[in-house]
Each structure stands twice: as C-alpha cells, then as structure tokens.
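# kindly generate the corresponding structure for this input.
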Amino acid sequence: MKKIGVLLVSLALTLAPASVMAAQSAQGKPQTACPVLGGNANKNIYVDYKGQRIYFCCEGCDKEFKKDPEKYLKKMKDQGITPEKSPVAADKSGK
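Numbers count the residues shown, from 1 in each chain. Below is the predicted model:
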C-alpha cells in the first residue's frame, strides 16, 4: 500500500512541471524585449494598443510602433510573446 502512495506522489511530481510548462506555452512568454529594436523593455515607455500594453526600450520606438502596430504584434506573436493586458482596458469596463 505504501509503495502505491509513493508511486502516486512520484508520478504527480513528475507530471506537475510538464503541466505548468504547457500552461505557460499556451499563455505565451512575457515581454522582456522591445519589439522594435530588441533592447530590454522599459516599463516606463509603453503604448496601450487594442487592450494590450506593449513596452519599448527607448523613446522613439513607441512612435515607430504606432506607424505599423500589427507588424510588431505579429513579430511578438511569432516569438511566442504575449503582451500584458492593458490596465486602461480594465478601467473602461466601469471598474
């Protein structure tokens, strides 16, 4: 009986990381780099676009993004990056 319990616990511990990784994969990676120049994302420089918050490495990249946002969103999606939800979108819901 003890062997079955140990086996079940071992199995659960083995499968847990795989299920977490699968959930993260479906969710996408968080944004850490600028989609325009590729530098480290600065949380103080961003654009809210279609309910998503996109971060940039420097002033100017935000302006470049606005010229063709779909191009940069596709680039992020192709890299498996999922932008954060914009808090502005949540504010508009009346909350």
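
# now do the helices in this protein.
In the chain, the segments counted as helices under DSSP state H are 2-27, 61-67, 69-78, 87-91.

# for the third one, output the C-alpha coordinates as PDB.
Output of helix 69-78 as PDB, limited to C-alpha atoms (Å, rounded to 0.1, in the frame of the first residue of the first chain):
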ATOM      1  CA  PRO A  69       1.500  48.200 -34.800                       C
ATOM      2  CA  GLU A  70       0.200  45.000 -36.500                       C
ATOM      3  CA  LYS A  71       3.700  44.300 -37.900                       C
ATOM      4  CA  TYR A  72       5.300  44.400 -34.400                       C
ATOM      5  CA  LEU A  73       2.500  42.400 -32.800                       C
ATOM      6  CA  LYS A  74       3.000  39.700 -35.400                       C
ATOM      7  CA  LYS A  75       6.700  39.700 -34.700                       C
ATOM      8  CA  MET A  76       6.000  39.300 -31.000                       C
ATOM      9  CA  LYS A  77       3.400  36.500 -31.600                       C
ATOM     10  CA  ASP A  78       5.900  34.700 -33.900                       C
END
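
# enumerate the positions of that helix that are buried.
69, 72-73, 76 (16 or more other Cβ atoms under 10 Å). The C-beta positions use only the backbone N, C-alpha and C, and glycine is treated the same way.

# can you lay out these as CSV showing distance to residue 31?
Below are these laid out as CSV (distance: Cβ to Cβ, whole Å):
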residue, distance to residue 31
69, 14
72, 11
73, 11
76, 7
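
# where in this structure is pLDDT low?
1-26, 89-95 (pLDDT under 70).

# repeat that with 90
The model of the chain has pLDDT under 90 over residues 1-28, 87-95.

# pull the residues that contact the strand ranked longest in it.
If you go by DSSP state E, the chain has its longest strand at strand 42-49. By Cβ atoms under 8 Å, 6 or more residues apart in numbering, the surrounding residues in contact with strand 42-49 are 34, 53-59, 61-62, 65-66, 69, 73, 86, 88-89.
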